[in-house]
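**Student:** Next come a sequence and a model predicted from it.
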Amino acid sequence: MGEIKALKDEVSSLKEQLEQLQDQLKDKDGLLQKYTKKRRALCKVYIECLAELTVRQAKGRRLDASLHQEPPQPETSWIREVEVEKENQALKEQVNLLKFGLRRLEDEHTIKNQLIMSETKKIDLEPTPTSTAWP
């Protein structure tokens, strides 16, 4: 009789432990899903920044190339010279704006890349779900 009671107590204890472990598993699954969602969002932002940076670099190179092209034969009219001067000035301003934008995007890219690397390092320092150190 005492043995049956001891077995019932052990079964009850094991059921409680099972419930606790299931709760812990649910919590860890939630954290893992949250982490995965966060990583996907960071990767998406990173890829979008790279795409925008690539587009801006190409546009900057095209503008640089257009500034360095051989100018057409000058016309004798001083009006044409003034127009060309204005066009050149406008192009130089566009190049400067694009270079500024490019530097800004590169800075943002660097900051986001550092953030991703720091998050990755944090994650690498945390025990993984498959390691024995995971509670």
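**Tutor:** Thanks, I have the structure now.
**Student:** Output the contacting helices and strands for the helix or strand containing Ala51.
**Tutor:** Assessed by DSSP states H and E, Ala51 sits inside helix 2-68. Counting contacts by 3 or more Cβ pairs under 8 Å, 6 or more residues apart in numbering; DSSP states H and E, helix 2-68 packs against helix 78-125. Where C-beta positions appear, they are placed from N, C-alpha and C, glycine not excepted.
**Student:** and the helix holding Ala51 with helix 78-125, angle?
**Tutor:** 160 degrees (axes from the mean of the first three to the mean of the last three Cα atoms, to 10 degrees).
**Student:** avg pLDDT for helix 2-68?
**Tutor:** Mean pLDDT, helix 2-68: 90.
**Student:** just how off-centre is it within its chain?
**Tutor:** 14 Å (Cα atoms, centre = their mean, to the nearest Å).
**Student:** Stretch 82-89 now?
**Tutor:** Taking mean C-alpha positions (Cα atoms, centre = their mean), stretch 82-89 and its chain are 40 Å apart.
**Student:** Next one: Glu19 from Lys26, what distance?
**Tutor:** 11 Å (Cβ to Cβ, to the nearest Å).
**Student:** do the same with Cys43
**Tutor:** According to Cβ to Cβ, Cys43 and Lys26 sit 26 Å apart.
**Student:** ok, now Asp124?
**Tutor:** 25 Å.
**Student:** Next: Asn113.
**Tutor:** Applying Cβ to Cβ, the value for Asn113 to Lys26 is 34 Å.
**Student:** These two: which is more packed in?
**Tutor:** Asn113 (13 against 10; other Cβ atoms under 10 Å).
**Student:** All set, thanks.
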